[in-house]
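S.K.: sequence unknown, structure follows:
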């Protein structure tokens, strides 16, 4: 049992603490503050990295093409477009050649080395053959034909453009056709047919008129193919005569 002296000592200490403001007990047992381990540092909140919205190159291309109110504006929009990787390896934009507003618009596949150097479509050996083909039905790029390509930049090593690359540039091509407003479109080669018609198989498709973007469309062999396969020139001649008949 506690002695009377211990009791009065404890009471005096308690009254002294009350006077100091300690009016509430928080535990029955004393706590050795020197023996309490240090509090660990508070956990830092984990902040998820900020992820930028992924850019949709096709959407950007559609918006840029739609804003172009003229062929000159469309060319400027293409020169400013940075979302096609093919542009980085090309010397320059290959936009068009011939007469804007001509009744016939020829759409090829992509520029080659000569086109990349000169900045005009169909200027190499294939272009020279195209000029002879057009002359055979009294047409020319100087007076009666407008020419462009699906891809406005030369692919690395002259490879075929991928479907993704074609999809990115397609809004510009569609706007190009709308602004040039030809009466007839000639698609030369599989890539042009795939881009505009969504189909390949030029040997089956050539010579048969179809419609795209509200225009009569004639698939034909690409002149580069005719340089490799001279025997196909007969079919190309038939297709040229079909185009000539349409123009009449």
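M.R.: Looks like it arrived, so ask away. What you see is a predicted model; the values in this text were computed from it and never measured.

S.K.: In the protein, where is pLDDT below threshold?
M.R.: The chain contains residues with pLDDT under 70 at 1-5, 7-8, 10, 12-14, 16-53.

S.K.: try 90 this time
M.R.: 1-55 (pLDDT under 90).

S.K.: What segments of it are strands?
M.R.: Secondary structure of the chain (DSSP state E): strands at 97-98, 104-108, 145-149, 184-188, 210-212, 215-220.

S.K.: Bridged to the nearest residue to residue 217 once chain neighbours are set aside, which residues?
M.R.: Once flanking residues are discounted, residue 217 sits nearest to residue 185: 4.6 Å by Cβ to Cβ, 6 or more residues apart in numbering. C-beta: built from backbone N, CA, C; applies to glycine. For residue 185, the beta-bridge partners are residue 105, residue 217 (DSSP bridges).

S.K.: Touching, residue 185 and residue 107? I think so.
M.R.: Yes. Using Cβ atoms under 8 Å, residue 185 makes contact with residue 107 at a distance of 6.3 Å.

S.K.: separation between the residue nearest to residue 217 and residue 144?
M.R.: 14 Å (Cβ to Cβ, to the nearest Å).

S.K.: Can you pick out the residue with more neighbours from these two?
M.R.: residue 185 (23 against 16; other Cβ atoms under 10 Å).

S.K.: Tell me how far that one lies from residue 136.
M.R.: As judged by Cβ to Cβ, residue 185 and residue 136 stand 19 Å apart.

S.K.: Then residue 149?
M.R.: Computed with Cβ to Cβ, the distance linking residue 149 and residue 136 is 22 Å.

S.K.: Which one of those two is surrounded by more residues?
M.R.: Between residue 149 and residue 136, counted using other Cβ under 10 Å, the more crowded position is residue 149 (30 against 13).
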